[in-house]
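> Structure, please.
(2 chains)
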Amino acid sequence: MFTGIRKPATIISLMAAGILVLAACAPTATQPTTVAPTAVPPTTAPGATTAPATQAPTTAPATPPTTGGAVKNPGTLIEATIGDPESLDPAWAYDTASGEIIFNVYETLLFPKQSSTTEFVPMLATKWDISPDGKTYTFYIRKGVKFQDGQDLTPEDVAYSFWRGMIQDRAGGPQWIMLQPFFGLDVQSFNDDVVTKQFKDNWVAAVQAVENAVTFDNAAGTVTLHLKQPYGPMLQILSGTWASIVSKPWVIQQGGWNGDPATAEKYHDPSAEKDELFKVMNGTGPYKLERWAPGEEVDLVANPNYWLKEPLWTGGPSGPAKVQRVVIKDVGEWGTRFAMLKTGDADIAYVDTQYISQVDPLVKQMCDAAGKCTATNPNGTLRLYKGLPTVQATTIFMNENVNATGGNNALGSGKLDGNGIPANFFSDVHVRKAFNDAFDWNTYIQQTFHGEAEQALGPIIDGELGFDPNQAHYSFDLNQAAQEFKASTEKSADGKSLWDTGFYMQYIYNTGNDQRRVAGEILKADLAKINPKFKLSVVDEPFAVELKDQVAGRLPLFMLGWLEDYHDPQDWVGPYLASGGTYGGTQGFPKNVQVQMDQLITAAVQATDTQTRIKDYQQLQNLAYENALDIFVVQPQQREYMQDWVHGWYYNPIFSTNIYYYALSKGG
Amino acid sequence: MTQYIIRRLLILPIVLIGLSVLIFAMLQMLEPVERAALYVTSPPKNPAALAEIIHKYGLDEPIYLQYIHWLDRVLHGNLGWSKTAQMPVLTALETYFPATLELALWSFVPIIVIGAWLGIQAALHHDGVIDQLARVFSIVGYSFPTFVFGLLMLMIFYAALGWFPPGRLSEWATAIVISPEFHRYTGMNTIDALLNNRLDIFVNALRHLLLPALTLAYVNWALILRVTRSAMLDVIRQEYVTVARAKGLPERLVINRHARPNAMIPVATIGGLLLVGLLNGVVITETVFNYHGMGWWAANAALNFDAVSVLGITLFDGALLILANLVVDVLYAYLDPCIRLA
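Next up, the predicted model:
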């Protein structure tokens, strides 16, 4: 009837259909063979790579779409994950997303021996000596190692890297880890504790002290660390990304500190974007930075001149990286990550616990942490590593002396009257024990971790020095909890017992963390079962607000976690039990117990004998148990899903969720 | 009309200042520590670090001082640093807006052309089979949540068939596009590909655009269809249309020349607002398809209390809205000679 308007519609329909056909028939994403990512033109400095810079391939992929299990994107490994690096400067970065990039591009003096958490192999050092008093470490720096810009690695670069990091020491950054062995266990900040307190606001003298703490001898090829006290975890911390080695001339070229103590102050505590190494990299490692498109992806390319010719351990990788290109994509939406995993466009993908049931049907092989695999589904395409112990734990903390200044809603009425608790409610050990007895670990682990977590037995987690699997610990026992509550000496104003009066308080967790909310709900339900007058309100606070309230000591009962910085019990007992610890410092532990714990912590970290350290840490675990200081909840396990064409992956808990791409290869 | 346009443009800076004051006033509702969440992603190991961070980024300053400092920077051409995008706000706008513009253009044209065509067809076949089918089509489209439709598209056309991948380009195409040999004229991959004479890149970019564009088109067709149908029904019942038919004009001319242009006036209004909505970024579609545009950035910035980014995005969106409204008004006057702008 109306031909005049049918015609354009027909044309549009044909165009749309044409576009669909044209697009659908186009080749699927396949790495073109003409890409030569190793020939990266320098943009900021010779050899340094910065985003964006790449060698252009000149043709579209010639290979047809891959189907039916053929390796997709050969030569390129794509990881679909969540999170974007905060900075590419190893001295500044303190997040896992940055760490993953950094430890594939930069290198440290030593490196964990494959999956071992306690043995190290020399990397940029060839060997090291430790003086009998445990206070002097001498490292022999490897010769013939070149940075990616072609400059030779020198002992001066190593010393400079440590100086620069300690002086930079940005707020909330990792450098406290490096400062403590050189300037004392109580040091948290270079400016506040070293410059101000130790050197009376004399920056130049403080910087010179840093230079005296780490000395070098280019002729002898050595770097010597002069510690303030013996420090048990020293080798552990030197394998962390914050101890990565940068090239001094290159950093200066980027506008960084030139080594002059007089100018050091202006390089202290920069914001990420004002830091000269924020988005440029020049390491000695197996990969070079090709591009960082913030929020989208980080592209790494193999370093063709990588120095490592012989494996660092039997069967370990050597020579240039087998995977030519690594693309780490930040894909926040689960549906998209899942689709990428299903089509093979993602070789490795991050899978949240709640989605494992969607991915498991795709699993062809299931493997354990040691790499022992069993076939599960011949039609699957993925390999799953499960039961991987993590180096993190979550804990319900009890504050024995809550800060109630200006009123505190978390305490309810602030009195033991059935509608609140007094600020020192948890100072009664019976109450703390009762809360421990009232927590149902099994239900929590099943509900939130599908059984893939283990009960934490104290501040020191499984796999650490001093951990004893037979450690005395609390178990879910409501009768025992009732007995403990009845044994409490706390009284209301009219002299009634805690049992008769009941209580109300808030349990705080960080907004959006469902696992922590569930822990609170379980505890709340079980407390009500013991006595209906025991009331808990499960309340969320934005993460930073919870931290602020925790630091101010305003939370009576709260759940937070800890991801270790370095693999040593010191990184657990310090924050959990020390009087200056991140958590312990604000919990108001009994004075006599606190003194005892502080002495043990200092003795353990300074002991040069491993057996002594083990004994001290076990004593600390016992003190935490006997005094029921916290509800040590879980040490989760994790899973790793990857295409079955990815080979060489191994698990080392020290790496956390990060992947050492150098060990990987792709093939049928 | 020129005076009208100049007057409207002069309002622009006043509106933008008003917007920025409003946002800063709203920021007062957040404690400094809440806004520090942007810089604190894990518990600081040093208990004093949180306070140091708040101080370092000036979050503890009185809000009027923070505003003055911000305004001073803006007047010097610096919109600040976007922590969410990890780049200056201006650079982020340059990076993300072309992506959104490209998506908006590729979806807007089909939305309007096909939506209006369907609406006209429905009106011309009032209560007939075509009208009923169009009604079902529009109800389904209107009631389909975008993220459900988007995920459905992704699962069928990417996960199952492997035809249309998410993101903006495949790996090989990205490598070409970021290389020095490929000139970025507009930041829009399809257009730049044509300008660089790279049909392979054009096709690849199109493959990535089709699903998000289709998702946006489907959920918006319903709106355009309903508006056009209703306007067209009104128009074809007008006396002048009856007169035109009575004069013996062919039906094609009656519809195309007399009825359709008048029915397009409300479509232009809705279309203008729709285009602004698309240009401001489509959060859900961009998120589902991992398409990094304004919507994806704005959502991340808001979730992370990234005030600097939110301010930059709001000012940009505000300016865009005012300019788009101006264009719609001018278009309105063009479509309907009875309307005079003064």
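
> Tell me who's in contact with the residue nearest to A:E546 when sequence neighbours are not counted.
Taking C-beta to C-beta, 6 or more residues apart in numbering or on different chains, and ignoring the residues beside it in sequence, A:E546 has A:N510 as its nearest neighbour in space, at 5.0 Å. In this view, the C-beta of every residue, glycine as well, is placed from N, C-alpha and C. Applying C-beta atoms under 8 Å, 6 or more residues apart in numbering or on different chains, we find A:N510 in contact with A:R516, A:D540, A:E541, A:P542, A:F543, A:E546, A:L560.

> List phi and psi for the spatially most central residue of chain A.
Taking C-alpha atoms, centre = their mean as the criterion, A:T96 is the residue nearest the geometric centre of chain A, at 4.8 Å. Backbone geometry at A:T96, expressed as degrees, to the nearest 10, gives phi -70, psi -30.

> So it is in contact with A:I659, correct?
No - taking contacts as C-beta atoms under 8 Å, A:T96 lies outside contact range of A:I659: 10.8 Å.

> Sort out which residues of stretch B:130-142 are buried, please.
For stretch B:130-142, a neighbour-count test (16 or more other C-beta atoms under 10 Å in any protein chain shown) marks B:D131, B:A134, B:R135, B:F137, B:S138, B:G141 as buried.

> Quick check: the fifth one vs chain A, distance?
Put plainly, it is B:S138. For B:S138, the distance to chain A under the criterion C-beta to the nearest C-beta, to the nearest Å works out to 17 Å.

> Got the confidence number for that residue?
The pLDDT attached to B:S138 in the predicted structure is 81.

> Next, it: secondary structure please.
Look at B:S138: counting by DSSP: H, G, I helix; E, B strand; the rest coil, its state is helix.

> in terms of contact, does it touch B:T228 like I think?
No - counting by C-beta under 8 Å, B:S138 stays clear of B:T228, with 10.5 Å between them.

> got any residues that touch both of those two?
Shared contacts of B:S138 and B:T228, defined by C-beta under 8 Å, 6+ apart, comprise B:L118.

> Show me the shaky parts of the stretch 101-250 of chain B.
Residues of the stretch 101-250 of chain B that meet the criterion pLDDT under 70 are absent altogether.

> again, only using 80
Filtered on pLDDT under 80, the stretch 101-250 of chain B yields the residue ranges B:142, B:144.

> Up against chain A, what does it have?
Applying the criterion C-beta under 8 Å from any C-beta of the partner chain, the portion of the stretch 101-250 of chain B that neighbours chain A consists of B:110, B:113-114, B:117, B:120-121, B:124, B:151, B:154-155, B:158-159, B:161-167, B:170-173, B:175-176, B:178-182, B:200-201, B:203-204, B:206-207, B:210.

> Mind giving me the ChimeraX select for those, buried ones only?
Those of those that count as buried under 16+ other C-beta under 10 Å are selected in ChimeraX with:
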select /B:110,114,117,120,121,124,151,154,158,159,162,163,164,165,166,167,170,171,172,173,175,176,178,179,182,200,201,203,204,206,207,210
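
> Which of the residues of the stretch 101-250 of chain B next to chain A fall within helices?
The subset of these located in helices under the criterion DSSP state H comprises B:110, B:113-114, B:117, B:120-121, B:124, B:151, B:154, B:171-173, B:175-176, B:200-201, B:203-204, B:206-207, B:210.

> From the buried residues of stretch B:130-142, pick the one nearest A:D129.
Ranking the buried residues of stretch B:130-142 by separation from A:D129, with C-beta to C-beta as the measure, puts B:G141 on top at 73.6 Å.

> can I assume the closest one sits in a helix?
Yes - B:G141 sits within a helix when classified using three-state DSSP.

> show me where pLDDT drops low in the stretch 401-550 of chain A?
Scanning the stretch 401-550 of chain A with the threshold set as pLDDT under 80 gives A:542-544.

> in it, what residue is nearest chain B?
Residue nearest to chain B within the stretch 401-550 of chain A: A:A544 (3.9 Å; C-beta to the nearest C-beta).

> so that residue makes contact with B:P32?
No - look at A:A544 against B:P32 with C-beta under 8 Å: they stay out of range, at 9.3 Å.

> Tell me which of these two has more neighbours.
With other C-beta atoms under 10 Å in any protein chain shown as the criterion, A:A544 and B:P32 differ in neighbour count, and A:A544 comes out ahead with 26 against 21.

> Torsion angles phi and psi at that one?
Dihedral angles phi and psi of A:A544 (degrees, to the nearest 10) take the values phi -70, psi -30.

> Relative to A:D217, how far out is it?
45 Å (C-beta to C-beta, to the nearest Å).

> how many neighbours does residue 82 have?
Since no chain was named, I'll use chain A. Residue crowding around A:I82 was assessed by other C-beta under 10 Å; the count is 15.

> Chain B is the one I meant
28.

> Neighbours of residue 298, how many?
No chain was given, so I picked chain A. 26.

> Chain B was what I was after
Based on other C-beta under 10 Å, the number of other residues close to B:A298 is 25.

> Pop out the phi and psi values for it.
The phi/psi pair for B:A298 (degrees, to the nearest 10) is phi -60, psi -40.

> What distance do you get for it to B:S309?
8 Å.

> cool, and A:P304?
The value you get for A:P304 to B:S309, if C-beta to C-beta is used, is 39 Å.

> between those two, which one's more packed in?
B:S309 (26 against 14).

> contacting residues for the closest residue to the more buried one other than its chain neighbours?
In this structure, B:S309 finds its nearest non-sequential neighbour in B:A301, 3.6 Å apart by C-beta to C-beta, 6+ apart. The contact partners of B:A301, by C-beta under 8 Å, 6+ apart, come to B:S82, B:T84, B:A85, B:S309, B:V310, B:I313.

> and A:S318, how many neighbours?
By other C-beta under 10 Å, the residues close to A:S318 number 12.

> The residue nearest to it when sequence neighbours are not counted in helix, strand or coil?
Using C-beta to C-beta, 6+ apart and skipping the chain neighbours, the partner closest in space to A:S318 is A:P311 (4.5 Å). Classification of A:P311 using three-state DSSP returns coil.

> and A:P311, how many neighbours?
13.

> Just want to check the distance between the residue lying closest to B:Y57 once chain neighbours are set aside and B:S170.
Excluding its sequence neighbours, the residue lying closest to B:Y57 (C-beta to C-beta, 6+ apart) is B:Y39, at 6.4 Å. B:Y39 sits 35 Å away from B:S170 when distances are taken as C-beta to C-beta.

> same question, A:Q483
Plainly put, A:Q483 is 65 Å away from B:S170 if you go by C-beta to C-beta.
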